[in-house]
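Enquirer: heads up, no residue letters with this:
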């Protein structure tokens, strides 16, 4: 079975039964944040949501009409990125999130 670049890789080591039990005992608990100071409000003045988000890319094969492909290629290098931009724009118009799920 071929694996996709978007699939997480397995660690080179196995967790021990004790480590697994410890992780399971932490499930549902809130982390102790008492020792972490609040960030100053000024830190958020220039914050931008999603600035560092980068979607995982996946190579596919797609059939396009010749005239459509020629038009995209005529725009210069990056026509595949342009296809992605056009599809993402259409996805946003239909109210879908980054995972393609309707909101």
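Expert: Happy to help now that I have it. Keep in mind that what you see is a predicted model, and the values were worked out from it rather than measured.
Enquirer: which residue ranges form the helices in the protein?
Expert: Using DSSP state H, the helices of the chain run over 17-26, 66-74, 79-93.
Enquirer: so which of those gets nearest residue 49?
Expert: helix 79-93 (15.0 Å; Cβ to Cβ). Every C-beta, even on glycine, is put in place using the N, C-alpha and C of the backbone.
Enquirer: which secondary structure elements does the closest one contact?
Expert: Helix 79-93 sits against helix 66-74, with contacts defined as 3 or more Cβ pairs under 8 Å, 6 or more residues apart in numbering; DSSP states H and E.
Enquirer: Tell me, how many residues neighbour residue 84?
Expert: The tally of other residues near residue 84 (other Cβ atoms under 10 Å) stands at 13.
Enquirer: Let me know which of the helices of the chain is the nearest to residue 45.
Expert: helix 79-93 (27.0 Å).
Enquirer: ok so, going back, output the helices of the chain as a markdown table; include the columns distance to residue 53 and mean pLDDT.
Expert: Output for those, formatted as a markdown table (distance: least, Cβ to Cβ, whole Å; pLDDT from 0 to 100):
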| stretch | distance to residue 53 | mean pLDDT |
| --- | --- | --- |
| helix 17-26 | 27 | 90 |
| helix 66-74 | 25 | 95 |
| helix 79-93 | 12 | 92 |
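Enquirer: what about residue 86, distance to residue 75?
Expert: Residue 86 sits 11 Å away from residue 75, going by Cβ to Cβ, to the nearest Å.
Enquirer: In contact with residue 64, which residues?
Expert: Residues near residue 64 by Cβ atoms under 8 Å, 6 or more residues apart in numbering: residue 72.
Enquirer: Could you rerun that using 10 Å?
Expert: 70, 71, 72, 83 (Cβ atoms under 10 Å, 6 or more residues apart in numbering).
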